[in-house]
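# Generate coordinates for the sequence data below:
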Amino acid sequence: MAFSKRPMRQSALIGPWGVGAIVPFPNDEALMIAGLDAWRYQDKTAFVITDERLIKRLGVKELRWPPDFRQKNADPGNFNLKIPTMRFPRWYYCPFCGSMEKTTFYRETQPECDQYPWETGRVCSPKSKFRRRMIPERFVVVCPEGHIDDFPVAEWVHSDGKHIYDPDKCKIRRSTGGASANLSGVFYECTCGAKKSLAGATSKGALKKIGYRCKASRPWLGLEGDEICSVDVKEIKVVLRGATNVWFADTRSSIHIPTFNAAQESKIIGILRDNFDAVNSNRLNGEINRMLVDFLAIQNGVDKDALYQAFANEAEHRSGLIEVSEDMSEDEYRVEEYKVLIKSSGNDIEDFHSINYPITAYNPLIHKYFKSISLVPKLRETRAFVGFSRLESNRKSIRESKKELRLGNEDWLPAIEVFGEGIFFEFNEKTLTNWAANPKVINRIGTLNRSFHSSVFGKDVQGDLRPEYILIHTFAHLLINQLSFDCGYGSSSIRERIYCEKTSNELKMNGVLIYTASGDSEGSLGGLVRQGQSGRIEDTILNAIKNALWCTSDPVCIQSPGQGPESLNLAACHNCTLLPETCCENGNRLLDRGVVVGTLSDPEMGFFYDLRSL
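Next comes the predicted model:
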């Protein structure tokens with residue numbers, strides 16, 4: 001096993017890297033993160049993350065921080081833990097002489113060339129000053145089912161039918177030359193006389209012509225592939241190993257929900273936090289054990305009746321929570337978060353604190369559009385890695401995704417905790433409903449729906465996209481851009497969390513949380529909450545709307561019938577609406593500036609039309 005000797009941030013192992021991803025390292029080295037079976041901890045207790053709701057949602061026993069190479073843990077035995085990796089791709093070539101060698105998944109060191117090149121007359125040998133470190137082949141084969149394999153170099157160069165590959169005798173050399181800078185200028189040449197360029201290797205069906213079949217290779221689990229994959233060979237693609245479609249992370253996140261009533265005194269909250277599970281599991285005739293509560297009250301010097309009522313209220317509150325399971329939808333999981341965000345919840349003792357203000361506390365200019373605004377000076381988000389996909393960003397079920405991460409029976413997933421602050425906007429439902437019923441709005445979203453239902457992103461989604469979702473999502477992007485300018489945060493450190501169903505309105509959620517959760521001090525500087533105060537957020541919203549009126553790509557952008565991945569955006573481009581992909585829940589899809597501010601031909605269609613002229 002080739003353990004990575006380079007430091008990697010723990011958060012990077014949830015995304016943009018993770019199990020099954022090819023990570024580029026200095027000196028032209030490429031390693032693949034191994035499966036969870038190979039992740040070793042001397043003392044796992046220092047890495048366990050407590051988040052009961054997310055644990056139930058993912059159907060595991062615990063969540064753990066990825067191994068950390070730094071000496072920050074309580075147990076000195078956890079110092080200098082390494083991330084296990086596999087050597088992939090296995091085909092290497094010498095940049096000096098072009099000689100190629102196929103290594104194994106488990107080789108610890110990068111291969112070095114010791115071959116005699118045909119043209120230079122110099123030897124890349126251990127005694128020569130021309131000795132060179134070999135570098136991995138640039139191309140790999142990727143299957144839609146998540147399998148990945150080396151580019152079949154030997155099969156490709158010997159596919160003419162005139163030469164037969166003998167691994168004991170044949171030595172392959174890689175060279176570049178000619179006037180062309182494309183693949184036709186890259187050649188493989190064998191000592192048996194076979195020679196072929198890479199021209200056409202990335203075209204559809206190229207591998208089928210040479211008789212290649214996917215062998216269900218899964219290098220991150222140490223499986224070279226001993227079965228035939230059922231996927232049509234035409235769907236298997238040859239791509240650059242560093243291409244963005246080689247690996248897509250499937251992560252699930254959760255905002256910590258405050259457990260106890262913010263109105264209770266801090267001492268009672270502490271008693272509840274430390275003893276609720278024990279008291280709740282020792283009931284008498286189905287009721288909270290009064291004698292046990294009185295004992296705790298005397299022991300801690302608090303009022304008996306107040307403590308008993310606190311336990312009773314908490315038990316009633318928890319019984320009303322939606323039961324969390326793997327089968328519930330993402331929107332259903334977020335309902336409880338929505339309930340605490342639309343009111344004042346939590347306190348400074350817990351990891352969540354929100355202060356809700358009715359919209360009447362703000363300038364009348366925005367009364368029409370929002371019902372309330374909540375400032376969230378403190379929040380904790382847990383992000384867990386549950387799986388990955390290749391070629392397309394497909395979200396499988398949680399059960400299916402987890403199967404590809406390990407071979408063994410351990411029951412945990414890697415995760416990280418991040419802390420930050422935020423602003424929550426609750427939209428006015430009546431205004432939203434009336435606006436969404438406008439035939440012009442429905443007609444515009446219909447254009448987006450046609451692209452949505454024909455795309456991979458929406459192929460399994462039932463029903464049409466709601467205008468309300470497109471509006472709230474686009475508003476979040478425009479506001480993040482403006483907040484980044486007003487507060488000084490980098491746009492990549494501000495994220496969105498949408499509380500609105502894409503195709504139905506069964507859960508009656510109409511809100512969005514704009515928050516920082518970058519994993520470092522930048523996430524909790526207080527600037528975002530301060531900007532959300534009355535007298536400030538109105539100007540931010542107004543400026544965001546005004547800036548959205550005109551894009552430097554207009555009129556092309558505002559009149560676009562579809563742009564972006566699979567034409568899943570209308571009026572949205574990098575000059576006006578798109579954000580770093582870490583900020584967006586949909587990978588910069590399902591955006592339209594037109595529904596926010598209107599179009600050139602119909603400005604009144606915009607939800608915020610009244611703010612255009614201010």
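
# so where is this protein shaky, pLDDT-wise?
Scanning the chain for pLDDT under 70 picks out 1-7, 69-81, 115-131, 178-181, 259-266, 269, 273, 316-322, 518-526.

# Have a look at it and report its longest strand.
Scanning the chain for the longest strand, with DSSP state E as the assignment, gives strand 370-389.

# Give me the sheet partners of that one and which way each runs.
Neighbouring strands of strand 370-389 in its sheet, by DSSP bridges, are strand 248-255 (antiparallel), strand 353-358 (antiparallel), strand 412-427 (antiparallel).

# helix or strand right after it?
For strand 370-389, the following helix or strand on the C-terminal side (DSSP states H and E) is helix 398-402.

# For that following helix, name the packing helices and strands.
Helices and strands touching helix 398-402, by 3 or more Cβ pairs under 8 Å, 6 or more residues apart in numbering; DSSP states H and E, are helix 52-58, strand 370-389. For the C-beta atoms, the positions are set from N, CA and C on the backbone; glycine is no exception.

# Buried deepest among the ones you listed, which one?
strand 370-389 (a mean of 23; mean count of other Cβ atoms under 10 Å).

# Would you mind writing the CA trace of that one as CSV?
The C-alpha trace of strand 370-389 is given here as CSV (Å, rounded to 0.1, in the frame of the first residue of the first chain):
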residue,chain,number,x,y,z
PHE,A,370,-40.4,38.0,3.2
LYS,A,371,-42.2,36.9,6.3
SER,A,372,-39.3,36.9,8.7
ILE,A,373,-35.5,37.0,8.8
SER,A,374,-33.5,35.0,11.3
LEU,A,375,-29.9,35.8,12.3
VAL,A,376,-27.9,32.7,13.2
PRO,A,377,-24.8,33.8,15.2
LYS,A,378,-23.8,30.2,15.9
LEU,A,379,-24.4,26.9,13.9
ARG,A,380,-22.7,23.6,13.5
GLU,A,381,-22.8,21.6,10.3
THR,A,382,-21.8,18.0,9.9
ARG,A,383,-20.8,16.8,6.4
ALA,A,384,-20.5,13.1,5.7
PHE,A,385,-19.1,11.3,2.7
VAL,A,386,-21.4,8.4,1.7
GLY,A,387,-20.2,7.5,-1.8
PHE,A,388,-19.2,8.7,-5.3
SER,A,389,-20.1,8.4,-8.9
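
# ok, now which ones touch the nearest residue to residue 154 once chain neighbours are set aside?
Closest residue to residue 154 apart from its sequence neighbours, by Cβ to Cβ, 6 or more residues apart in numbering: residue 165 at 4.7 Å. By Cβ atoms under 8 Å, 6 or more residues apart in numbering, residue 165 lies in contact with 154-155, 157-158, 190, 192, 194.

# ok, now which ones touch the residue positioned nearest the centre of the chain?
Per Cα atoms, centre = their mean, the C-alpha nearest to the average position across the chain is that of residue 251, at 4.9 Å. Residue 251 is in contact with 14-15, 383-386, counting by Cβ under 8 Å, 6+ apart.

# Put together CSV for these, with distance to residue 556 on each row.
CSV is the format used below for the contacts of residue 251 (distance: Cβ to Cβ, whole Å):
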residue, distance to residue 556
14, 37
15, 32
383, 36
384, 40
385, 38
386, 39
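
# Dump the C-alpha coordinates for the longest helix belonging to the chain into PDB.
Across the chain, the longest stretch assigned as helix under DSSP state H is helix 467-487. Output of helix 467-487 as PDB, limited to C-alpha atoms (Å, rounded to 0.1, in the frame of the first residue of the first chain):
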ATOM      1  CA  PRO A 467     -40.900  28.500 -10.100                       C
ATOM      2  CA  GLU A 468     -40.600  29.100  -6.300                       C
ATOM      3  CA  TYR A 469     -37.600  26.800  -6.200                       C
ATOM      4  CA  ILE A 470     -35.800  28.400  -9.100                       C
ATOM      5  CA  LEU A 471     -36.500  31.900  -7.600                       C
ATOM      6  CA  ILE A 472     -35.200  31.000  -4.100                       C
ATOM      7  CA  HIS A 473     -32.200  29.300  -5.500                       C
ATOM      8  CA  THR A 474     -31.200  32.100  -7.900                       C
ATOM      9  CA  PHE A 475     -31.900  34.700  -5.100                       C
ATOM     10  CA  ALA A 476     -29.400  32.800  -2.900                       C
ATOM     11  CA  HIS A 477     -26.700  33.000  -5.600                       C
ATOM     12  CA  LEU A 478     -27.200  36.700  -6.200                       C
ATOM     13  CA  LEU A 479     -27.200  37.500  -2.500                       C
ATOM     14  CA  ILE A 480     -24.000  35.400  -1.900                       C
ATOM     15  CA  ASN A 481     -22.200  37.400  -4.500                       C
ATOM     16  CA  GLN A 482     -23.400  40.700  -2.900                       C
ATOM     17  CA  LEU A 483     -22.600  39.500   0.700                       C
ATOM     18  CA  SER A 484     -19.100  38.500  -0.400                       C
ATOM     19  CA  PHE A 485     -18.600  42.100  -1.600                       C
ATOM     20  CA  ASP A 486     -20.200  43.700   1.400                       C
ATOM     21  CA  CYS A 487     -18.700  41.500   4.100                       C
END
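
# count of residues packed around residue 569?
Using other Cβ atoms under 10 Å, residue 569 has 26 neighbouring residues.

# neighbours around the residue nearest to it when sequence neighbours are not counted, how many?
Once flanking residues are discounted, residue 569 sits nearest to residue 591: 4.7 Å by Cβ to Cβ, 6+ apart. Close neighbours of residue 591, defined as other Cβ under 10 Å, add up to 29.

# about what we covered before: among the helices and strands packed on helix 398-402, which is nearest residue 480?
strand 370-389 (15.2 Å; Cβ to Cβ).

# picking up where we left off before, distance to residue 530 for the strands paired with strand 370-389 - can I get that in CSV?
Output for those, formatted as CSV (distance: least, Cβ to Cβ, whole Å):
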stretch, distance to residue 530
strand 248-255, 21
strand 353-358, 13
strand 412-427, 9
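
# Of the ones you listed, which stretch is the most buried?
The most buried one of the strands paired with strand 370-389 (mean count of other Cβ under 10 Å) is strand 412-427, showing a mean of 24.

# starting at the chain centroid, how far to that strand?
Taking Cα atoms, centre = their mean, to the nearest Å, one finds the center of strand 412-427 at 13 Å from the center of the full chain.

# before we move on, what about stretch 187-195?
The answer for stretch 187-195 is 43 Å, by Cα atoms, centre = their mean.

# Also stretch 276-286?
Distance, centroid of stretch 276-286 to centroid of chain: 39 Å (Cα atoms, centre = their mean).

# And for stretch 11-18?
So, by Cα atoms, centre = their mean, the centroid of stretch 11-18 is 9 Å from its chain's centroid.

# Kindly report the same for stretch 569-581.
18 Å.

# Enumerate residues external to it that contact any of its residues.
444, 447-448, 474, 477-478, 480-481, 491-492, 547-548, 551-553, 557-564, 587-594, 599.

# And stretch 292-309, by the same measure?
Here stretch 292-309 has contacts from 265, 267-268, 271, 275, 279, 282, 288, 290, 311, using Cβ under 8 Å, 6+ apart.

# Mind picking the two most distant members of those?
265 and 282 (24.0 Å).

# Wait, a strand at residue 189?
Yes: counting by DSSP: H, G, I helix; E, B strand; the rest coil, residue 189 is part of a strand.

# Nearest spatial neighbour of residue 388, chain-adjacent residues omitted?
residue 20 (5.1 Å).

# can I assume the one you found is in contact with residue 36?
No: counting by Cβ atoms under 8 Å, residue 36 is not a contact partner of residue 20; they are 10.6 Å apart.

# returning to that earlier point: right, and the helices and strands packed on helix 398-402 - which one's nearest residue 238?
Of all the helices and strands packed on helix 398-402, strand 370-389 comes closest under Cβ to Cβ, at 18.0 Å.

# Fine by me, thanks again.
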